[in-house]
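Colleague: Coordinates for the following, if possible.
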Amino acid sequence: MTPYPFCYTASAETGETTPDFKGYLGLRGAQPPGPDFAEGSGAGSRWRSLEARLLYQRTLHNRITVRGVGLHSGRAIEVALLPAAPGSGIVFYRTDAQVEIPARVSHVVETRLATTLGKGGVQVGTVEHLMAALYGLGVDNARIELDGPEVPIVDGSAAPFVEAIQRGGGTVAQSRPKRFLVLKRPVEVVGEDRIARLEPAESFQLDCFIDFPHPLVSRQHRKFVFSDRAFLSEIARARTFGFGKDVDAMHQAGLALGGSLDNAVVIDDFSVRNPEGLRFPDEFVRHKILDAIGDLALLGAPIVGRYVGRKAGHALNAALVESLLAQPRAFEWGEFRNKKDAVSAGVQVPAFRLA
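Modeller: The predicted structure follows:
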């Protein structure tokens, strides 16, 4: 398991461990804006206020590399995260096939077990955890190069990607304002007893409910108001999970070849196979929130609105994003150069204070 560079504190009531942000910020520090971010020109240029920088696009400060195995292929894969120009968005690049695939819902080609992007027959699978990490740290622009068919699963959460970004110098502000997607009308998709909905709200919020016929999971419900600090402490470390009988069957069928107790929570009839147990008592629904953030990131912009998921998964999330984009009256694009602009528009933009 990858060690994380955080100091943890444990709750006496719940036993949950959360990062100590003093140690985190001391390690990571706050990166100044890039050279194109000064107001004016020449030696007299001054930096914009911290408040304004939080509303501007961000990219990675340095090139970052993460290595691991693909959950489904079992292949050893290296992924490199590189800085990118303002307005370029998140783009995957398969170095072995020399194909670029923008991280947009229009390129989703498969949603069974994970979210897979594709273009011209070339695919990049299991993108949701990395996309959630980038969204959680406010990264708008990055080039992601990898030499295999899927993003490495690492430990099954977004935390290893967050750690790698922070160890690599974090993020840096750029010259353009962030472009927020502001919900104006509800949009909903339904599948049997499953629902996914986006609706207007003053900030980015998620409300997730899961229901599995298993005594260790059963019904779990959690509401989450997004900020990068809350994402790091409450969501990023929640791992993907599966049931022992299903995992064993997939292995026998040649599927999930890279899956192990190092990168997933595996549940037997009455116990968790992982010797370390759970990271949170409700780790399962927290991971569903993580997945939803990663899937919603395929909108290509930070959201001001509320996501409601009832037993929703990757397929329903992708359908929701497609449905939203097909209804231009359901949302507006907003750029806010300072907090006053956002307040006057009646929105509370997501907080990216660690960026």
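Colleague: which non-adjacent residue is nearest residue 64?
Modeller: In space, residue 64 comes closest to residue 168 once its chain neighbours are excluded; the distance is 3.9 Å by CB to CB, 6 or more residues apart in numbering. All C-beta spots, glycine's among them, are computed from the backbone N, C-alpha and C.
Colleague: ok, now how distant is the residue nearest to residue 181 when sequence neighbours are not counted from residue 332?
Modeller: The shortest distance from residue 181 to any residue other than its chain neighbours is 4.6 Å, reached at residue 301 (CB to CB, 6+ apart). The gap separating residue 301 from residue 332 is 11 Å, by CB to CB, to the nearest Å.
Colleague: between those two, which one's more packed in?
Modeller: It is residue 301, of residue 301 and residue 332, that has more neighbours when counted by other CB atoms under 10 Å, with 18 against 14.
Colleague: any idea how far residue 102 is from that one?
Modeller: Distance of residue 301 to residue 102, given as CB to CB: 13 Å.
Colleague: List the residues that contact the most centrally placed residue in the chain.
Modeller: In the chain, the residue lying closest to the centroid (CA atoms, centre = their mean) is residue 132, at 0.4 Å. Counting by CB atoms under 8 Å, 6 or more residues apart in numbering, residue 132 touches 158, 231, 235-236, 290-291, 293-294, 297.
Colleague: Could you rerun that using 10 Å?
Modeller: By CB atoms under 10 Å, 6 or more residues apart in numbering, residue 132 lies in contact with 157-158, 161-162, 231, 235-236, 238, 287, 289-297.
Colleague: Over to residue 331?
Modeller: Residue 331 makes contact with 180-185, 187, 198, 200, 299, 301, 303-305, 324-325 under the criterion CB under 10 Å, 6+ apart.
Colleague: Now do it against residue 198, distance only.
Modeller: 8 Å.
Colleague: overlap in contacts of the two?
Modeller: Residues touching both residue 331 and residue 198 (CB under 10 Å, 6+ apart) are 181, 183, 185, 187, 299, 303, 305, 324.
Colleague: Can you lay out those as JSON lines showing distance to residue 113?
Modeller: What follows is the shared contacts of residue 331 and residue 198, written out as JSON lines (distance: CB to CB, whole Å):
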{"residue": "181", "distance to residue 113": "27"}
{"residue": "183", "distance to residue 113": "29"}
{"residue": "185", "distance to residue 113": "32"}
{"residue": "187", "distance to residue 113": "25"}
{"residue": "299", "distance to residue 113": "22"}
{"residue": "303", "distance to residue 113": "25"}
{"residue": "305", "distance to residue 113": "27"}
{"residue": "324", "distance to residue 113": "24"}
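Colleague: average model confidence for stretch 122-135?
Modeller: Averaged across stretch 122-135, pLDDT comes to 98.
Colleague: Compute the first-to-last residue distance for that stretch.
Modeller: 24 Å (CA to CA, to the nearest Å).
Colleague: Wait, residue 207 touches residue 223, no?
Modeller: Yes - if you go by CB atoms under 10 Å, residue 207 and residue 223 touch, sitting 4.9 Å apart.
Colleague: quick one, which of these two is more surrounded?
Modeller: residue 207 (19 against 12).
Colleague: quick revisit: wait, isn't the residue nearest to residue 64 in contact with residue 59?
Modeller: No - in this structure residue 168 lies outside contact range of residue 59 using CB under 10 Å: 11.9 Å.
Colleague: Tell me which of the two has more neighbours.
Modeller: Using other CB under 10 Å as the criterion, residue 168 and residue 59 rank with residue 59 on top: 23 against 17.
Colleague: contacting residues for that one?
Modeller: Shown in contact with residue 59 (CB under 10 Å, 6+ apart): 34, 81-86, 88, 90, 134, 139-143, 171-174.
Colleague: A strand includes it, no?
Modeller: Yes - counting by DSSP: H, G, I helix; E, B strand; the rest coil, residue 59 is found in a strand.
Colleague: pLDDT score for it?
Modeller: Residue 59 carries a pLDDT score of 97 in this model.
Colleague: do the same with residue 32
Modeller: 46.
Colleague: And the helices in the stretch 51-200 of the chain, which stretches?
Modeller: With DSSP state H, counting those that start in this stretch, the ranges of helices along the stretch 51-200 of the chain come out as 128-136, 159-167.
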